[in-house]
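In: Build the 3D model from these lines:
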Amino acid sequence: MPTSPRATAAPSPLLALVRRPITLTICSFWMMFWLLNGLDKFLARTHLGLFHWWGNDRIEKFGMYFDRLAFPEPMVWPTLVFAGIVELALAALFFRALTQLVRQLPGSIRLADLGVALSILCFMGFAVFDVIVGDRAELLEHSTYVGVLLISYLAMAAEVFFNHLQTQTARTINGS
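Out: Coordinates of the predicted model:
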């Protein structure tokens, strides 16, 4: 029995957008967030031809932090590079979740959940550093992001739940 072309065709990216719009939007946001924050560690105050990347002058800020902690100033740049690499890795994780969602591959929701969990851990690490150096404004910012990530997780979980409920209801109605 020949298979129909429809059965072997790749899933439509549009179908993923219709089935998981909340998860796709959340993963897109956090991917861009981490990508731009990671790049900011390397490109701050740099002219890039078409525009000037102003960013945050983290070298000055971390120099002040390290001075308070009596850490050697030459450790500022490696610390920022490490933070930038972690942030870019989180962006890559969300990008991978997005590509798997669009291609409707198994494990895409787990990747998105992992991205949220690792993002929370990252912000918790930032928050601990904020407390140690006494930067309450950064602490408030990083703590707020933890709350937003928790809401992101709940929204993605609700979408999965309601998609499952919709599928079960359709099966019940259709008698399968």
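
In: contacting residues for R19?
Out: The contact partners of R19, taken as C-beta atoms under 8 Å, 6 or more residues apart in numbering, are Q104, N163. Any C-beta I mention is one placed from the backbone N, CA and C, and that applies to glycine too.

In: Can you read off the pLDDT for it?
Out: R19 carries a pLDDT value of 78.

In: The one 5 residues further on now?
Out: Model confidence at L24, given as pLDDT, is 94.

In: Likewise for R45?
Out: Predicted confidence (pLDDT) for R45: 79.

In: That one: how many residues sit nearby?
Out: 14 (other C-beta atoms under 10 Å).

In: what do you get for the one 10 residues further on?
Out: For G55, the count of nearby residues is 16 (other C-beta under 10 Å).

In: what about the strands in the protein?
Out: Applying DSSP state E to the chain gives strands spanning 46-47, 52-53.

In: now, of those strands, which is deepest in the fold?
Out: Each of the strands of the chain was assessed for mean neighbour count using mean count of other C-beta atoms under 10 Å. The highest is strand 52-53, with a mean of 12.

In: circling back to that earlier point, now the strands of the chain as CSV including distance to F94?
Out: Output for these, formatted as CSV (distance: least, C-beta to C-beta, whole Å):
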stretch, distance to F94
strand 46-47, 24
strand 52-53, 21
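
In: Which stretches in the protein count as helices?
Out: Taking DSSP state H to define them, one finds helices in the chain at 5-8, 13-19, 21-43, 58-69, 76-102, 108-133, 136-174.

In: that older thread, can you tell which of the strands of the chain is closest to A158?
Out: With C-beta to C-beta, the closest approach to A158 among the strands of the chain belongs to strand 52-53: 36.6 Å.
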